[in-house]
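Colleague: Pasting a predicted model and its sequence here:
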Amino acid sequence: MMVEMNMVQSVNNALENMLHKDSDVILFGEDIGYFGGVFRTSDGLQEKFGKHRVFDTPLSEGGIAAMAFGMGINGLRPVVEIQFADYIFPAYDQIVNEIAKVRHRSGGEFWCPVTIRTPAGGGIRGGHHHSQSPESQFTHTPGLKVVYCSTPYNSKGLLISAIESNDPVIFFEPKRCYRGPFYGDPHNVPTWKNHPEAEVPESYYKIPLGQARLAMEGSKCTVIAWGTMVHVAEQAIRNSGISCDLIDLQTLIPWDKETIVNSVKKTGRCVIVHEAPKTSGFGSEMSASIQERCFYHLESPIERVAGWDTPFPHTTEWDYMPGPPRIIAAIKKTQEE
Amino acid sequence: MPTEEREEITLHIPDAPFRPGDSPTFEEWTWNPGDLIKPELDCESDETYQHAVGLVRVLNDEGDAAGEWNPNLTFEELEEGLEHMVRLRIFDDRMLKMQRTGKLSFYMQSFGEECVAIAQTMALNEQDWIFPTYRQPGAQFVRGRSMVSMICHCIGNTEDNVKGRQMPVHYTYKDGRYISVSSPVGTQFSQAVGVALASKYKKLDEVTITWIGDGASAEGDYHYGLNFASVFKAPVILNVVNNHWAISTHYNIASGSTNFATRGLAYGIPCFRVDGNDFLALYSVTKWARERAEKGLGATHIEILTYRAGAHSSSDDPSRYRPSDEHEYWPGGDPIERLKEYLIRNFDWSEKKQEVLEKKIDEEVVAAYKEAVTYGDLANGPYPSSDTIFTEVYENVPWHLQEQWDEMKKWSVE
């Protein structure tokens, strides 16, 4: 049955599905048990499944990741929450050197099917420690899969795939979009009500990792985005009046080569949008890979619209986050002969 | 080789003792003022075992001071302490009200814990470094920061000294040697050891004080801090503020032990557990720790037992995870009431004088608020210039940032 859900509910529903389906799935993190998480994504799950399946940990991201590693290599399928992506760095060593590499270093004898969920991105007046979008810190780590959802529908399908993946997955949830899509206007923030992507099956379904979503179809330019920027880019495309493919990347590692390459070969033009800083952002990787594969089809240079190479500000965040005007200008620039 | 499954083996998952709907009960404190002696400054850590498992108190249940930890402060000093605590509580109330009207994005109050930073900062010398969390803003009052300046930071206006970059309550006040607050919990604890050792390297009589919450003491930084302080005999005062709750995480979940103080003993650091709502006890133990550090004898570790009477922050709703009246049952009481009671019983102080003080401070807070909003607030602006996004990222602006800065000016939403 389809039910209208916001992204808090769809994530919660995905977790509930997996707790039902697989007794090896175990949830833990800071404030996620009794309280149900500071964003409420695990609300009610401890009550439904018991404290041994859904529980609070000490405040120790490094400890959480390390425990997930240990449980993962000993046959469980831990799904852990890092309360804000900005707080993932005490766990960085465990994720990058341990979780990501144990399959390889042990000659395939051990592996670690851990999912690390973390709310990321800006637009909530969170300042530099509650707004960052650190996906490229992890796309640069061999052994990790990296997912960035954007809607209630894809958050559920992707999260189930992430949990069932036998590889470790870093799963970014754009916190700005938990309760509604964000179109770049902080004074006009809708809820998910009546949004087609908020129609979510209550039962189990998967969206395969490595598959992008064609959010809008057009002919003049390929716009690639993930997380909150998918919705901002959608608004920009509508305002631009230019016919564009909008590709919601969904999985960053491994990214959907076929969808991207086919689209860019079709349109001959490309804009990549992300809110993380531009330098060494995942847009750099996309841009380089696209020109390697589509160079003779490109009609204009690939444009990147990204956060500035600065910490994320508090009061002036709307001067930092890419908004429709910057994206429209980039799309138009690709159209110049 | 397959292992046999045994039904009786179950995962131990701790929980808070009381949840919404429960009637909280706390055991009466068995520790009294006078129970614990003052150790020699050059004591070995083992000699503080009783201080770590017990509780250093000065104010007794009747409201009088007793025992050798009594710092025998003058009326003027006590009145100053009381005034700062009242100031912080009224200031917090006003800021929470402003937060609800959108004039700031977020707020964190010190309700119930006002004593901690105020008593301890008063016990230090003015050259000493303060490395706080977001729950020690009161130290700034002791160090003379203008309230207008503090509000301007919180409401992110044009006079915010950190230029709208930080969330509210993440103060920086270098003139008062109050180091910039960071959101990731625990990081300051180990950094404080570095601050302290730099003072020692420079042969300066400076001590550094820092705090960490019971919850954040589960972070690696807490253990790094204790170990480095021990190895290098740093002139640092390392406090764990055990206020029972880290958002929804009770200290039962932060640690498998109910005592935080004793952890320092394993690192060879003298340890104390102190009644954190007892101004005199906290002042006195901090003074002892400062003197020990000054003599080159190294760090002191203090567990400050208190209770977070308010929400974690303006984004938090504690009624979802704890009985809303739990703090009223906790035996430690209210730090302001307890110092007030002591003053009334022993000095020329009265309920009437307390009311006059509260009224005076309320007027001070209202006046500061009115002045601060003339420089803007988060709801209405004006804000710091968007140029502040690009300044002070590096000492000088590199070319790639300059290019982006120029580009931003084309798009600025101001």
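Modeller: Cool, the structure landed. Everything numeric here is computed off the predicted structure, so don't read it as measured data. Numbering: from 1, shown residues only, chains lettered A, B, ... in the order given.
Colleague: Can you report how many residues lie near residue A:109?
Modeller: 9 (other C-beta atoms under 10 Å in any protein chain shown). All C-beta spots, glycine's among them, are computed from the backbone N, C-alpha and C.
Colleague: can you confirm it is in a strand?
Modeller: No. Membership of residue A:109 in a strand is not supported by DSSP: H, G, I helix; E, B strand; the rest coil, which gives coil.
Colleague: Return the residues in contact with the residue of the stretch 251-400 of chain B found nearest chain A.
Modeller: At 4.0 Å from chain A, residue B:386 is the closest residue in the stretch 251-400 of chain B, using C-beta to the nearest C-beta. Contact analysis of residue B:386 by C-beta atoms under 8 Å, 6 or more residues apart in numbering or on different chains lists A:316, A:319, B:408, B:412-414.
Colleague: Mind doing that once more with 10 Å?
Modeller: Residue B:386 makes contacts with A:313, A:315-320, B:164, B:405, B:408-409, B:411-414, as judged by C-beta atoms under 10 Å, 6 or more residues apart in numbering or on different chains.
Colleague: Not counting its neighbours along the chain, what's nearest it?
Modeller: Setting aside the residues directly before and after it, residue B:386 is nearest to residue A:319 in space (C-beta to C-beta, 6 or more residues apart in numbering or on different chains), at 4.0 Å.
Colleague: got the contact list for that neighbour?
Modeller: When contacts are counted by C-beta under 10 Å, 6+ apart, residue A:319 touches A:308, A:313, B:383, B:385-390, B:408-409, B:411-414.
Colleague: Residue A:216: which of those residues is nearest?
Modeller: residue B:411 (23.0 Å; C-beta to C-beta).
Colleague: Let me know the pLDDT of the closest one.
Modeller: As summarised for this prediction, residue B:411 has a pLDDT of 89.
Colleague: Pretty sure it sits against residue A:325.
Modeller: Yes. Between residue B:411 and residue A:325 there is a contact at 5.8 Å, judged by C-beta atoms under 10 Å.
Colleague: rewinding a little: could you list which of the contacts of residue A:319 belong to helices?
Modeller: Using DSSP state H, the subset of the contacts of residue A:319 located in helices is B:408-409, B:411.
Colleague: Whichever of those residues end up buried, select them in ChimeraX.
Modeller: Buried members of those, identified by 16 or more other C-beta atoms under 10 Å in any protein chain shown, are gathered into one ChimeraX selection as follows:
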select /B:408
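Colleague: What segments of the stretch 101-250 of chain A are helices?
Modeller: Taking DSSP state H, counting those that start in this stretch, the helices of the stretch 101-250 of chain A run over residues A:102-105, A:135-139, A:152-164, A:229-240.
Colleague: Looking at these, which is nearest to chain B?
Modeller: Comparing those under C-beta to the nearest C-beta, the one sitting nearest is helix A:229-240, at 12.4 Å.
Colleague: contacting residues around the nearest residue to residue A:42 once chain neighbours are set aside?
Modeller: Spatial nearest neighbour of residue A:42, excluding adjacent residues (C-beta to C-beta, 6+ apart): residue A:32 at 4.6 Å. When contacts are counted by C-beta under 10 Å, 6+ apart, residue A:32 is found next to A:15, A:38-43, A:45-46, A:54-57, A:79-81, A:83, A:117, B:248.
Colleague: Let's have the helices of the stretch 101-250 of chain A in a markdown table, adding distance to chain B.
Modeller: As requested, the helices of the stretch 101-250 of chain A are arranged in a markdown table below (distance: least, C-beta to the nearest C-beta, whole Å):
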| stretch | distance to chain B |
| --- | --- |
| helix A:102-105 | 21 |
| helix A:135-139 | 15 |
| helix A:152-164 | 20 |
| helix A:229-240 | 12 |
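Colleague: follow-up on the earlier one: filter the ones in helices among the contacts of residue A:319 by proximity to chain A?
Modeller: Applying C-beta under 10 Å from any C-beta of the partner chain, the subset of the ones in helices among the contacts of residue A:319 adjacent to chain A comprises B:408-409, B:411.
Colleague: and of the residues you listed, the nearest to residue B:352?
Modeller: Set against residue B:352, the nearest of these by C-beta to C-beta is residue B:408 (57.4 Å).
Colleague: Show me the domain layout of chain B.
Modeller: If you go by automatic domain parsing, the domain ranges for chain B are B:45-311+B:328-382, B:384-414.
Colleague: how about the last one: buried residues?
Modeller: This points to domain B:384-414. Neighbour-count burial for domain B:384-414, counted by 16+ other C-beta under 10 Å, picks out B:384, B:386, B:388-390, B:401, B:404-405, B:408.
Colleague: what's the answer for stretch B:137-144, then?
Modeller: Going by 16+ other C-beta under 10 Å, stretch B:137-144 has these buried residues: B:137-143.
Colleague: And for stretch A:247-255?
Modeller: By 16+ other C-beta under 10 Å, the buried positions in stretch A:247-255 come out as A:247-253, A:255.
Colleague: Check the offset of that stretch from the chain's centre.
Modeller: The gap between the average C-alpha position of stretch A:247-255 and the chain average comes to 9 Å, counting by C-alpha atoms, centre = their mean, to the nearest Å.
Colleague: how far does that stretch stretch from start to finish?
Modeller: Its start and end residues considered, stretch A:247-255 measures 11 Å (C-alpha to C-alpha, to the nearest Å).
Colleague: Count the neighbours of the residue nearest to residue B:300 when sequence neighbours are not counted for me.
Modeller: Counting by C-beta to C-beta, 6+ apart, residue B:300 lies nearest to residue B:289, which is 3.5 Å off, once chain neighbours are set aside. Other residues lying near residue B:289 total 29 when counted by other C-beta under 10 Å.
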